[in-house]
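> have a look at this prediction, sequence included:
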Amino acid sequence: MKYIRRSVEEIVQKSDSTFKCILVTGARQTGKSTMLKKLFPDKKYVSFDDPFIEEQARENPETFLMLNEPPVIYDEVQRVTNLFRYIKIKCDEADERGLFCLSGSQPFELMKNVSESLSGRVGIIELCGLSLREIMGDSFNKPFLPTMEYVKERGKSAKSPKNIWEIIHRGSYPELQNKDVDWGTFYASYVKTYLERDVRSLSAVQNLDDFRKFMVAVAARTGQMLNYSNIADEIGKDQGTVKNWISILEASGIIYLLEPYTSSVLKRAIKTPKLYFRDTGLAAYLTRWLTPETLAVGAMSGAFFETFVVSEILKSYSNCGIDYRYCVSYYRGKDKKKVLKDGKEEVDAESEIDLIIEENGVLYPIEIKQGAKVTADETAAFTVLDKIENKKRGAGAIICLCPQPAALRENVLEIPVWYL
């Protein structure tokens, strides 16, 4: 299969020339080792997926480093975290840059060990699944913002896919871009490998079948606020177990928890994170939406569309080397606004903003709708951001399936999903 150029490649090459060591993190099968071998063909490649090599590195790390000297690529390095202290020594002894390229599929576990052993010596890059831009062969590489300036520049190269639901259903793993690869077989193997390797190494899960049922329950809640009790009741486990298992999914890059926007002014805001699967194809497989057609018209179509949009926006930031965790959030709260319920009584209205991007003290609100026709009324909740002191509300938008960008009202746009 033809190699798909990754948007983050420039960041990786620049980091390799700046740092003595770089670490590329991301979930399994996102293309970390393929990209590193493509970018650095002259560096020796060593994979710790090989049990013999893993044992060598664990038992005799000094000898192992002598036999596999830099410049070198170490893949699946989370298996041999004892090696980090020896890599640190090598980095301190040398003046050259680009000595070690490390990659691993347990981002948070790796970050813990890296921060302890290689702080200040390593450049860290996240490689997500393929973005829509990468799938479409679009080299545009700027983080998404719902502004007129962004839309004008994005419009120069943006192309509408033939069927966005085929892309949402197929998923973002590079191997699946080969149409000869069977979708169901790939994800069945992916789940099996993930359970037997990552889950077992991250936690003492006694019954992998129970964890598989848990994954299905979580996938069915993508795009929803995280409710530990609800999941625990469904799978017959206690909340403590569910919290631990959620942390495993997050640590291995399977899910992302979007935190709520916090401000002392927004006293009625809900403070529960929202849960999103990183890959819509994996979520579709687990919840048994077996074709793009059934997914597009099914009961979860809205949740899947929102999951896809949030994922694409996060990718637009990580592919530019920006840590999105500090600039994205959402809002939901019961504001002091009265609305008619069933034409009879007045109740407090619940407001929601699907995504808030913060940049330089400006808050950019985003609503996500899977329809092609949207109205300005659907952005009424954006005004809640005007209450926040020392922050400015910037341009807002509804991301939807409209054919072209358009203005809904002053400072609010409707933007096609393929402009992300």
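Everything's here; your move.

> check contacts around P403.
Contact analysis of P403 by C-beta atoms under 8 Å, 6 or more residues apart in numbering lists S160, A372, P416. Where you see a C-beta, it was placed from the backbone N, CA and C, and this is true even at glycine.

> put the buried members of the residues you listed into a PyMOL selection.
Selection of the buried residues among the contacts of P403 in PyMOL, burial being defined by 16 or more other C-beta atoms under 10 Å:
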select buried, resi 416
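
> export the contacts of P403 to a markdown table and append columns for pLDDT and secondary structure.
Converted to a markdown table, the contacts of P403 look like this (pLDDT from 0 to 100; DSSP: H, G, I helix; E, B strand; the rest coil):
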| residue | pLDDT | secondary structure |
| --- | --- | --- |
| S160 | 95 | coil |
| A372 | 90 | coil |
| P416 | 97 | strand |
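
> from the contacts of P403, pick the one nearest G253.
P416 (27.7 Å; C-beta to C-beta).

> which non-adjacent residue is nearest that closest one?
C402 (5.4 Å; C-beta to C-beta, 6 or more residues apart in numbering).

> would you map the helices across the stretch 101-250 of the chain?
With DSSP state H, counting those that start in this stretch, the ranges of helices along the stretch 101-250 of the chain come out as 107-117, 132-135, 148-154, 164-170, 183-193, 200-202, 208-219, 228-235, 239-251.

> buried residues in stretch 365-384?
Applying 16+ other C-beta under 10 Å to stretch 365-384 flags P365, I366, E367, I368, K369, Q370, V374, E378, T379, A381, F382, V384 as buried.

> who touches it?
Contacts for stretch 365-384 (C-beta under 8 Å, 6+ apart): 146, 266, 301-302, 305-306, 309-310, 313, 331, 333, 335, 351-357, 385, 393, 396-403, 408-409, 412, 414.

> show the end-to-end separation of it, please.
10 Å (C-alpha to C-alpha, to the nearest Å).

> what about the residue nearest to T147 when sequence neighbours are not counted, how many residues nearby?
Leaving out its chain neighbours, the residue that sits closest to T147 by C-beta to C-beta, 6+ apart is A395, at 4.7 Å. A395 has 20 neighbours, counted by other C-beta atoms under 10 Å.

> offset the numbering so it begins at 47, please.
Noted, 47 is the first residue going forward, which turns the last one into A441.

> A441 and F190 touch, don't they?
No. Under the criterion of C-beta atoms under 8 Å, A441 makes no contact with F190, lying 11.9 Å away.

> quick one, phi/psi of V70?
phi -100, psi 120 (degrees, to the nearest 10).

> apologies, that question was intended for S203.
phi -130, psi -10.

> now do it against A345, distance only.
For S203, the distance to A345 equals 35 Å [C-beta to C-beta, to the nearest Å].

> more crowded one of those two?
S203 (12 against 7).

> for that one, give its distance to F110.
S203 sits 46 Å away from F110 when distances are taken as C-beta to C-beta.

> what do you get for L176?
From L176 to F110 the distance is 33 Å (C-beta to C-beta).

> ok, P319 next?
40 Å.
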